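S.K.: kindly generate the corresponding structure for this input.
(one chain, ligands or ions: 1)
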Amino acid sequence: MRKTKLNELKSYIESISKMNSALELIYWDMQTKMPKKAIEQRSGIIEHISGEIFRMTTSDRMGELLDYFVHNIEGLSEKDKAIIKHARKEYDETKKIPEERYREFVIAQALSEGAWEEAKEKKDFEIFKPHLKRMIDFQREFVEYWGYKDNKYDTLLDKYEEGLTVKKLDKIFDELKNGIIKILNKIEKSGKQVNRDFLLGRFDKNSQEKFALFILNKMGYDLKAGRLDESMHPFTISFGNKDVRITTNYDNEDFTSALFSSIHEGGHGIFDQDVPDDLQRTGLDTSLSMSIHESQSRFYENILGRSKEFWEYFFPFAKYEFSEFKDISLEEFYEAINYVEPSLIRTEADELTYSIHIIIRYEIEKALINGDLDIDDVKEVWNRKYKDYLGVEPKNDSEGILQDIHWSDGSFGYFPSYALGNIYGAQMLHTMKKEYQGIYDDIRNGELGGIHMWLYENVHKYGAMYSPSEIIKNISNEDLSCKYFLDYLEKKYLSIYK
Ligand SMILES: [Zn+2]
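M.R.: The predicted structure is shown next:
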């Protein structure tokens, strides 16, 4: 009896997963290859399939099966328990919202995204403001359905990062913010000027692609189970571990743009390619939390990809491919790719100041969701925080409060994942260095397989079996702490900005 029900549940989850892969393939095509005129017809297809998936996910049969396992879960394998727990969470997330309200939300969401695009183009927050208010009101209402204990924002955090609370995150982010600002002040006092002019010039697109593929291959991203394409915004998409695709965006005038986004997405891609076959189509075939996934991409992009040891190996190849670097030394190149400058745009921020952009968004979201900040004051608060923390002021709304898409579709609670990814990555590095003698010699020789293997053994092979706090505890015997990330930043940046 129980076995039959379990098999039925699993095959149901498998069907949903296959439908999702079909939807994602359509989405991938839309972002990379689709002719411009197809947008409306394509949206129709996407809407139809999404509707089917929604119906399957929230069907009565799904509910019955999940309810059955509320009392019949003891004695099941750890994996089966995780599958059921994961499915339950997804089910509750949609099912607890009255269907009518959910439908209204989806419509409001589409309008809001459109308004955001228009507002961003016209650099006018007023166009977007009423829609932002609606998105916040919806989220506040949804939190009531989902339930919360201390803080309304906890419920939204938990969606992306199981078990994370405002209480924990306030502590982590305050320490991180103060630590980064301290390093930033020291850098400013040093007065050192880093030249990065040679990173801006004319870089042939084909050469950029060739070079990115060379690095991706060395990293361990399997090009027989993936591919690199071009899209407006870089992303990673998985249709199962044998087909995980990444994209990048080439800028002919900036060497670093496509390079580091390819390495970043490659980090995401390696994770999804690594999740074992027996977790495929169970709902556990990617990371449980956004921040653990992001820790992998940022590990490859920053900790590894912006390290001197990495470029000791790769820079000679870059010199061979790009004549712009003919007279540039490794030291000059290393300093240039780690150039620090407080700036306005999150996606273009350097490794040191990036987390401050996230903390600003976190502080604002938390206040908005808890009703502590009025929509009429939000722009002023945004601008003031940028001035206070980073010393920069937006000249218009597009380079200020309108820069990110996330709030336009109601994705509140998501931003912290990016900064948490940095913290997780550095804490992993701390343990990795202890366990892996000769890691830096290997990197210098372009041998990146040892790092890949370590990440596989400690992170990737578990897919979504464990929560982020379990993963980091398992690795480091400690809870998440930003001290390792701050140590890493201080050591690295104060040696560049002596
Ligand atoms: Zn990412």
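
S.K.: what sits closest to Ser112 if chain neighbours are left out?
M.R.: Excluding the flanking residues, the one nearest Ser112 by C-beta to C-beta, 6 or more residues apart in numbering is His131, at 3.8 Å. The C-beta positions use only the backbone N, C-alpha and C, and glycine is treated the same way.

S.K.: is the one you found in a helix, a strand, or coil?
M.R.: Per DSSP: H, G, I helix; E, B strand; the rest coil, the local secondary structure of His131 is helix.

S.K.: burial count for Leu76?
M.R.: Leu76 has 15 neighbouring residues, counting by other C-beta atoms under 10 Å.

S.K.: no, scratch that, I was asking about Arg55
M.R.: As a burial measure, Arg55 scores 10 neighbours (other C-beta under 10 Å).

S.K.: the host helix or strand of it packs against which elements?
M.R.: Using DSSP states H and E, Arg55 maps to helix 39-57. In terms of contacts (3 or more C-beta pairs under 8 Å, 6 or more residues apart in numbering; DSSP states H and E), helix 39-57 is packed against helix 2-32, helix 78-95.

S.K.: redo that, cut-off 10 Å
M.R.: If you count contacts as 3 or more C-beta pairs under 10 Å, 6 or more residues apart in numbering; DSSP states H and E, helix 39-57 packs onto helix 2-32, helix 78-95, helix 99-122.

S.K.: quick one: mean pLDDT for the shortest one?
M.R.: Same thing as helix 78-95. For helix 78-95, the mean pLDDT works out to 93.

S.K.: any idea of the angle it forms with helix 39-57?
M.R.: Relative orientation of helix 78-95 versus helix 39-57 (axes from the mean of the first three to the mean of the last three C-alpha atoms, to 10 degrees): 120 degrees.

S.K.: just the angle between helix 78-95 and helix 2-32, please?
M.R.: Using the same axes, to 10 degrees: helix 78-95 against helix 2-32 is 60 degrees.

S.K.: now helix 78-95: buried residues?
M.R.: 80, 82-88, 90-92, 95 (16 or more other C-beta atoms under 10 Å).

S.K.: tabulate the residues you listed (TSV), appending distance to Ile13.
M.R.: Formatted as TSV, these follow (distance: C-beta to C-beta, whole Å):
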residue	distance to Ile13
Asp80	11
Ala82	12
Ile83	7
Ile84	9
Lys85	12
His86	9
Ala87	6
Arg88	11
Glu90	9
Tyr91	11
Asp92	15
Lys95	15
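
S.K.: can you tell me which of the residues you listed is nearest Asp374?
M.R.: Using C-beta to C-beta, Asp92 is the member of these that lies nearest Asp374, at 31.2 Å.

S.K.: where does Ile246 fall, secondary structure wise?
M.R.: Ile246 belongs to strand 244-248, assigned by DSSP H and E.

S.K.: using PDB, write down the CA coordinates of that strand.
M.R.: Taking Å, rounded to 0.1, in the frame of the first residue of the first chain, the C-alpha atoms of strand 244-248 are listed here in PDB:
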ATOM      1  CA  VAL A 244      22.700  22.000 -18.600                       C
ATOM      2  CA  ARG A 245      23.200  25.100 -20.800                       C
ATOM      3  CA  ILE A 246      24.700  28.400 -20.000                       C
ATOM      4  CA  THR A 247      24.700  31.700 -21.700                       C
ATOM      5  CA  THR A 248      26.700  34.900 -21.800                       C
END
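
S.K.: list the buried ones in it?
M.R.: Buried residues in strand 244-248, counted by 16+ other C-beta under 10 Å: 244-248.

S.K.: show me what it is packed against.
M.R.: Short answer (3+ C-beta pairs under 10 Å, 6+ apart): strand 244-248 packs on helix 2-32, helix 205-219, strand 228-230, strand 236-238, helix 255-274.

S.K.: contacts for the helix holding Arg55 next, please.
M.R.: 12-13, 15-17, 19-20, 22-23, 26-27, 29-30, 34-35, 38, 62, 87, 90-91, 93-95, 99, 102, 106, 110 (C-beta atoms under 10 Å, 6 or more residues apart in numbering).

S.K.: filter these to the buried ones?
M.R.: Applying 16+ other C-beta under 10 Å to these, the neighbour count classes 12-13, 16-17, 19-20, 23, 27, 30, 62, 87, 90-91, 95, 102 as buried.

S.K.: OK, contacts around Glu93?
M.R.: Glu93 neighbours (C-beta under 10 Å, 6+ apart): 57-58, 142, 145-146, 159.

S.K.: for Ile439, same thing?
M.R.: Here Ile439 is in contact with 309, 429, 432-433, 447, 450-451, 454 (C-beta under 10 Å, 6+ apart).

S.K.: which of the buried residues of strand 244-248 sits closest to Lys205?
M.R.: The closest of the buried residues of strand 244-248, once distances to Lys205 are taken by C-beta to C-beta, is Thr248, at 10.6 Å.

S.K.: that closest one is in contact with Gly269, isn't it?
M.R.: No. Counting by C-beta atoms under 10 Å, Thr248 does not reach Gly269; the two are 11.3 Å apart.

S.K.: show me whatever sits in contact with both of those two.
M.R.: Common contact partners of Thr248 and Gly269 (C-beta under 10 Å, 6+ apart): 216, 228, 262.

S.K.: and these as JSON lines, adding pLDDT?
M.R.: Shown next, in JSON lines, are the shared contacts of Thr248 and Gly269 (pLDDT from 0 to 100):
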{"residue": "Leu216", "pLDDT": "98"}
{"residue": "Leu228", "pLDDT": "98"}
{"residue": "Ser262", "pLDDT": "98"}
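
S.K.: of these, which is the most crowded?
M.R.: Greatest neighbour count in the shared contacts of Thr248 and Gly269, by other C-beta under 10 Å, goes to Ser262: 30 neighbours.

S.K.: if we can go back for a sec, among the helices and strands packed on strand 244-248, which is nearest Asn185?
M.R.: Closest among the helices and strands packed on strand 244-248, using C-beta to C-beta: helix 255-274, at 25.4 Å.

S.K.: quick one, that closest one and helix 205-219 angle?
M.R.: For helix 255-274 against helix 205-219, the angle by the same axes, to 10 degrees is 40 degrees.

S.K.: moving C-terminal from helix 255-274, which element do we reach first?
M.R.: Toward the C-terminus from helix 255-274 - assigned by DSSP H and E - lies helix 290-298.

S.K.: just how off-centre is that next one within its chain?
M.R.: How far helix 290-298 lies from its chain's middle: 6 Å, per C-alpha atoms, centre = their mean, to the nearest Å.

S.K.: what angle separates the next helix or strand after it from helix 205-219?
M.R.: Per DSSP H and E, the first helix or strand lying C-terminal to helix 290-298 is helix 308-321. Taking the same axes, to 10 degrees, helix 308-321 and helix 205-219 form an angle of 140 degrees between their directions.

S.K.: mind exporting the lowest-mean-pLDDT helix or strand in the chain as CSV, just the C-alpha atoms?
M.R.: Least confident helix or strand, the chain: helix 39-57 with a mean of 88, by mean pLDDT, DSSP states H and E. Output of helix 39-57 as CSV, limited to C-alpha atoms (Å, rounded to 0.1, in the frame of the first residue of the first chain):
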residue,chain,number,x,y,z
ILE,A,39,7.1,36.9,-28.9
GLU,A,40,3.3,37.0,-28.7
GLN,A,41,2.7,33.4,-30.0
ARG,A,42,5.4,32.1,-27.8
SER,A,43,3.9,33.8,-24.7
GLY,A,44,0.7,31.9,-25.5
ILE,A,45,2.6,28.6,-25.5
ILE,A,46,4.3,29.4,-22.3
GLU,A,47,1.1,30.4,-20.6
HIS,A,48,-0.6,27.2,-21.6
ILE,A,49,2.1,24.9,-20.4
SER,A,50,2.6,26.9,-17.1
GLY,A,51,-1.2,26.5,-16.5
GLU,A,52,-0.9,22.7,-17.0
ILE,A,53,2.0,22.5,-14.6
PHE,A,54,0.2,24.6,-12.0
ARG,A,55,-2.8,22.3,-12.3
MET,A,56,-0.7,19.2,-11.8
THR,A,57,1.3,20.7,-8.9
